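[1] Sharing a model prediction with you, sequence too.
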Protein chains: 2
Amino acid sequence: MRVERLLEDFSAGTVAALARVVSIVENRRPGVDDVLGSLHGRLGNARRVGITGPPGAGKSTITTLLTREYRNAGQTVGIVCVDPTSPFTGGALLGDRVRMERVALDPGVFIRSMATRGSLGGLAAATREVTDVLDAFGFDRIIIETVGVGQSELDVARTADSTVVVLVPESGDSIQTLKAGVMEIADIFVVNKSDRPGADRLRSDVKLMLGLRKGSSYANVPAHHGVDLRRATKPVPAASEKPLPESADWTPPVLRVVAAKEEGIAELGESLDSHFRYLEVTGELRGRRRQRMMERVVEVVERRMHQRLWNDRPAKQWLENKIDELEAGSVTPYAVADDLLSAHGHLVRGPSA
Amino acid sequence: MRVERLLEDFSAGTVAALARVVSIVENRRPGVDDVLGSLHGRLGNARRVGITGPPGAGKSTITTLLTREYRNAGQTVGIVCVDPTSPFTGGALLGDRVRMERVALDPGVFIRSMATRGSLGGLAAATREVTDVLDAFGFDRIIIETVGVGQSELDVARTADSTVVVLVPESGDSIQTLKAGVMEIADIFVVNKSDRPGADRLRSDVKLMLGLRKGSSYANVPAHHGVDLRRATKPVPAASEKPLPESADWTPPVLRVVAAKEEGIAELGESLDSHFRYLEVTGELRGRRRQRMMERVVEVVERRMHQRLWNDRPAKQWLENKIDELEAGSVTPYAVADDLLSAHGHLVRGPSA
């Protein structure tokens, strides 16, 4: 079978096979779930770093420099770039791309840009799955770079082990323009362009805000898809580790970076190492990864329900036959939805049921 | 019952009742589906205008001026503002807000800003529902203003009868940075800041692109949620109207606007009127509105399935018990999802089944 051959090549470390598996996952080709399922046992190797922030904050430059840092230390790096603003802005600037392409020539680096996808599954789900593929392939570090728009920062936090929020002095009058959600996902703050006016003020504002915040960040992020699974995914120490006392909370450092002059990148790398050790020792790493797996199941369940219901001709036909009544106002979409589920909802149980 | 009293006040045209109903819908308070269901029969009065474009294109100013235009013609106006970029940018500029607040003092105008919401249902669904509430309340015109980021332009197209895409000369080197999806949702193009260099070039570029595009726009937009319902929602002429021959396609005009000098707004209003007449005469208005209703049902069905499955303690517990096996890699999220649906999928049929 061709998929088996592909997975063999993937396991052997062939980059062409990696690229094909990523494409299968990104485009949801038939058999995608089997491919992902077969990789599941190999997850957990890579450290996943999320980098988010407003457009123009220098995320691509920081990603490139951090990648070089990791490469110098002998680690392989997978990069996933997500830019949901692309319909209008066209994404990263040419200079960023050129810089990144130079990094991409290094065989120890693999870069994938994610295109916007339709509602079903969505960009966030695809990003999580592509990140899994890179993890299973064996990259030591995975950097997920995403422009901070709407829901996507929260979604980065769920994909990454450590989330870096990049700010710049000109990104707003003050830190007060940041919404609560952004403060809560950051494990590390970077104030880029720190040689510009307003950078000191921005750093002290962020620190002030952090002082007002109490406790560990991740537990405060609302549960994915509205399913509260925190009871099952609280911090779990690795068998070999002695847990720290609960009071040992992580306070996100606020780093001074001037990416254009390559200043502060080594410190960012060290902060990421510290954070990872913190995650390991407190058991939060296991907790986060367990939560990620639970959320993956919830995601797959939603997708399956959708497909099984709407790929069914009778269910679709049933809905199409209601359109005149809906238009006349004699039935409501809410009543129609209830009736449809009561008549066809059994379909979601699947062929095996 | 208190909801009945609220709906009475709503029907009587009390603005306080409108604001409360909007809040119930936006925050998905208990009973929200009943409230929306009771309004369903009153939909279809308002003309819905979507205004989208990149940040800084002048959407708020155009919305304000168009509102004044409608008010001068004696029409009431509901406005829904959606800005999913708010986590970092903080939304509209102060000047825009001040201008808009002046309009908001007019009792014939109602403005609602939509906050970002979690994954469940999502911002797009909430926007569609709030728009319905404004329609049911009796506004003559509804303007949905949304910054053009990722999927949201397509979602505006589904909420609005007519979609205006606002561009500015500085928004990109050329029209080629626009993705295909943006071109296809536009019923009217506005080139704002048309007194600046590059505006003529941008307008002719847009016209060139439109020349390359063939046929009606809406049918080319991918089906919502991946459910293809186009067979049931093709253009349907109103009983009293004689349909135009199919060749009478709408070619989006490309308007010259300088919003800061209030130039070109009357022409925008006229173009919107022409487009609405086109929609009525060709039957596309009915087609679009029927499609909107079908998509609403799909949306409600997804939400119901999610709630019925995960609000159930046994289903959640079942998943929580799988976490150790998932972590050990002895089962995959895909197999767990299948097993869960086969054991608990019947729940989505609801209490009545």
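    That came through, no problem.
[2] count of neighbours near A:R201?
    Per other C-beta atoms under 10 Å in any protein chain shown, the neighbour tally for A:R201 reads 13. All C-beta spots, glycine's among them, are computed from the backbone N, C-alpha and C.
[3] Checking my notes, it in a strand, right?
    No. Using DSSP: H, G, I helix; E, B strand; the rest coil, the assignment for A:R201 is helix, not a strand.
[4] which secondary structure element contains A:G50?
    strand A:47-53 (DSSP states H and E).
[5] repeat for A:L6
    Element membership for A:L6, per DSSP H and E: helix A:2-11.
[6] other SSEs contacting that helix?
    helix A:15-26, helix A:32-39 (3 or more C-beta pairs under 8 Å, 6 or more residues apart in numbering or on different chains; DSSP states H and E).
[7] how about the ones you listed, which one is nearest A:H275?
    Nearest to A:H275 among the helices and strands packed on helix A:2-11 is helix A:32-39; the distance by C-beta to C-beta comes to 25.9 Å.
[8] which parts of that closest one are buried?
    For helix A:32-39, a neighbour-count test (16 or more other C-beta atoms under 10 Å in any protein chain shown) marks A:V32, A:D33, A:V35, A:L36, A:G37, A:S38, A:L39 as buried.
[9] out of those, which touch chain B?
    A:D33, A:L36, A:G37, A:S38 (C-beta under 8 Å from any C-beta of the partner chain).
[10] Verify the contact between the last one and A:L7 for me.
    Just to be clear, that refers to A:S38. Yes. In terms of C-beta atoms under 8 Å, A:S38 counts as a neighbour of A:L7; the distance is 5.9 Å.
[11] Quick one: residues in contact with stretch A:250-260.
    By C-beta atoms under 8 Å, 6 or more residues apart in numbering or on different chains, the residues outside stretch A:250-260 that reach it are A:58, A:61-62, A:65, A:166, A:186-195, A:199, A:203, A:206-207, A:210, A:216-217, A:263-265, A:267-268, A:271, A:275, A:278.
[12] name the helices or strands packed onto the helix or strand harbouring A:I144?
    Take DSSP H and E as the rule and A:I144 turns out to sit in strand A:141-147. Applying 3+ C-beta pairs under 8 Å, 6+ apart, one finds that strand A:141-147 contacts strand A:47-53, helix A:59-72, strand A:77-82, helix A:122-137, helix A:152-159.
[13] Sheet-wise, list the partners of the first one with their directions.
    Partners of strand A:47-53 in the sheet, by DSSP bridges, are strand A:141-147 (parallel), strand A:162-167 (parallel).
[14] Any chance of those in CSV with mean neighbour count as columns?
    Output for the strands paired with strand A:47-53, formatted as CSV (neighbours: other C-beta atoms under 10 Å in any protein chain shown):
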stretch, mean neighbour count
strand A:141-147, 26
strand A:162-167, 28
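[15] most residues in a single helix of chain A, which one?
    Ranked by residue count under DSSP state H, the longest helix found in chain A is helix A:284-310.
[16] buried sites along that helix?
    For helix A:284-310, a neighbour-count test (16+ other C-beta under 10 Å) marks A:284-306, A:308-310 as buried.
[17] what does stretch A:315-328 give?
    Buried-residue list, stretch A:315-328, by 16+ other C-beta under 10 Å: A:A315, A:K316, A:L319, A:K322, A:I323, A:L326, A:E327.
[18] restrict these to contacts with chain B.
    Contacts with chain B within the buried residues of stretch A:315-328, as defined by C-beta under 8 Å from any C-beta: A:K316, A:L319, A:K322, A:I323, A:L326, A:E327.
[19] any low-confidence regions in the stretch 201-350 of chain A?
    In the predicted model of the stretch 201-350 of chain A, residues A:213-248 satisfy pLDDT under 70.
[20] For it, which segments count as helices?
    A:265-282, A:284-310, A:313-320, A:323-328, A:333-344 (DSSP state H, counting those that start in this stretch).
[21] Export only the CA atoms of the helix holding A:L6, formatted as PDB.
    What follows is helix A:2-11, C-alpha atoms only, in PDB (Å, rounded to 0.1, in the frame of the first residue of the first chain):
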ATOM      1  CA  ARG A   2       1.300   3.500  -0.900                       C
ATOM      2  CA  VAL A   3       0.500   5.100   2.400                       C
ATOM      3  CA  GLU A   4       2.600   2.400   4.200                       C
ATOM      4  CA  ARG A   5       5.500   3.000   1.900                       C
ATOM      5  CA  LEU A   6       5.200   6.800   2.600                       C
ATOM      6  CA  LEU A   7       5.200   6.200   6.300                       C
ATOM      7  CA  GLU A   8       8.300   4.000   6.000                       C
ATOM      8  CA  ASP A   9      10.100   6.800   4.200                       C
ATOM      9  CA  PHE A  10       8.800   9.200   6.800                       C
ATOM     10  CA  SER A  11      10.200   7.000   9.600                       C
END
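[22] Other residues contacting that helix?
    The list of residues contacting helix A:2-11 from outside it, by C-beta under 8 Å, 6+ apart, reads A:A16, A:A17, A:L18, A:R20, A:V21, A:G31, A:D34, A:V35, A:S38, A:A136, A:F137.
[23] Same question for stretch A:18-31.
    Here stretch A:18-31 makes contact (C-beta under 8 Å, 6+ apart) with A:3, A:6-7, A:10, A:32, A:35-36, A:39, A:110, A:112, A:114-115, A:117, A:121, A:126, A:129-130, A:133-134, A:137.
[24] what's the span of stretch A:45-56, first residue to last?
    Terminal residues of stretch A:45-56 lie 32 Å apart, using C-alpha to C-alpha, to the nearest Å.
[25] ok, and for that stretch, which residues are buried?
    Quick answer for stretch A:45-56 (16+ other C-beta under 10 Å): A:A46, A:R47, A:R48, A:V49, A:G50, A:I51, A:T52, A:G53, A:P54, A:P55.
[26] now, among these, which is nearest to chain B?
    Nearest to chain B among those: A:P54, at 3.9 Å, using C-beta to the nearest C-beta.
[27] Could you report the separation of that closest one from A:M183?
    Look at A:P54 and A:M183: by C-beta to C-beta, to the nearest Å, they are 14 Å apart.
[28] picking up where we left off before, and the helices and strands packed on helix A:2-11 as JSON lines, adding mean pLDDT?
    Conversion of the helices and strands packed on helix A:2-11 to JSON lines gives the following (pLDDT from 0 to 100):
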{"stretch": "helix A:15-26", "mean pLDDT": "92"}
{"stretch": "helix A:32-39", "mean pLDDT": "91"}
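[29] Redo those as TSV? Include distance to B:V77.
    Listed next are those as TSV, based on distance: least, C-beta to C-beta, whole Å:
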stretch	distance to B:V77
helix A:15-26	42
helix A:32-39	46
